[in-house]
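Visitor: just a sequence and a predicted model for now, questions to come.
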Amino acid sequence: MTRRPPARRRMTPRPGRRRRQQDLPVTVLAVVAIAAAGLVVMVVNWLLAHWWLLLIVAVVAILGGIGWWQERTQRVQWERARARALRYGLAQLDALSHRQFEYAIRDLMNRDGCTDGGQGDLGADVKATDPQGRRWVIQCKHRRHGERGAAVGTPELQVLNGTGRPVHKADVVVMVTNGRITQPGRGFARQQRLHLVDRQLLGSWAAGSRPLWELLPALPPPRKPSQLS
């Protein structure tokens, strides 16, 4: 019979070594914290000794901020002046596509001080809010041949009337066209309190500087005090 060699005993770390290994990260963190605190104290003392540098930096920052604000204000004023200068002739409007015509009407509303309500649907091509707080819903009917194109009639106005107030909650519902509007359509618009911008009125509005609410009769009262008053 052969004797088996004795099993080797596993070496277990001594309690002292294990404790030193656990304390090492804490020691490192303490050293880092002390070094960081010392660095902060050195920086603060240096700044206190060179306080005039802080004053120069503050002055430069203030002057830079003033310059930025003035540049921003001038840019906003220039953009507003450019928007107020927007003009369209009827020939220009006739040459547009239907989508470009919608964009032109939106830009004219923005020129007059409206906030852009974005593109609409369900009978609303342009939505906007005027400075008096009234919500506008506008349907655009562009005619490639202008006054010689097909006239806007009652069916188109019925679609607008069915969605302008019930769906879009508009205060002012408008049909805009660079063409004509039939007499039955005008009668329907009066009955339903719809506002019409035909070719003649569109020409005055687009080529002038008066906002559309000064050109249309019998508008609803403002929702809030006018910024223009």
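Guide: Alright, I've got the coordinates. All of these numbers come straight from a predicted model, not from anything done at the bench.

Visitor: neighbours of residue 167, how many?
Guide: Counted by other Cβ atoms under 10 Å, the residues lying close to residue 167 total 14. No exception for glycine: its C-beta is placed from N, CA and C like everyone else's.

Visitor: quick check: pLDDT value at it.
Guide: pLDDT, the model's per-residue confidence, is 91 for residue 167.

Visitor: so the residue nearest the centre of the chain is in which element?
Guide: Most central residue of the chain, judged by C-alpha distance to the mean C-alpha position with Cα atoms, centre = their mean, is residue 116 at 8.2 Å. Element membership of residue 116, judged by DSSP states H and E, is strand 115-119.

Visitor: next: residue 158.
Guide: Secondary structure here is read from DSSP H and E; on that basis residue 158 sits in helix 154-164.

Visitor: tell me which other helices or strands that helix touches.
Guide: strand 135-141, strand 172-177, helix 183-192 (3 or more Cβ pairs under 8 Å, 6 or more residues apart in numbering; DSSP states H and E).

Visitor: surely the residue nearest to the centre of the chain and residue 105 touch.
Guide: No. With contacts defined as Cβ atoms under 8 Å, residue 116 does not count as touching residue 105, sitting 11.4 Å away.

Visitor: any regions of the protein where pLDDT drops low?
Guide: 1-24, 70-84, 117-121, 224-229 (pLDDT under 70).

Visitor: what about 80?
Guide: 1-28, 50, 52-55, 67-85, 116-123, 224-229 (pLDDT under 80).

Visitor: tell me the domain boundaries of this protein?
Guide: 16-82, 87-214 (automatic domain parsing).

Visitor: off-centre distance for the longest one?
Guide: The one in question is domain 87-214. Averaged C-alpha coordinates place domain 87-214 at 22 Å from its chain's average position (Cα atoms, centre = their mean, to the nearest Å).

Visitor: equivalent analysis for stretch 209-219, please.
Guide: Here stretch 209-219 shows a centroid-to-chain-centroid distance of 25 Å under the convention Cα atoms, centre = their mean.

Visitor: looking at the domains of the chain, which is closest to residue 223?
Guide: Counting by Cβ to Cβ, residue 223 lies closest to domain 87-214 out of these; the figure is 3.1 Å.

Visitor: what about the helices in this structure?
Guide: All helices of the chain, identified by DSSP state H, fall at 15-49, 51-84, 90-94, 98-111, 154-164, 183-192, 199-207.
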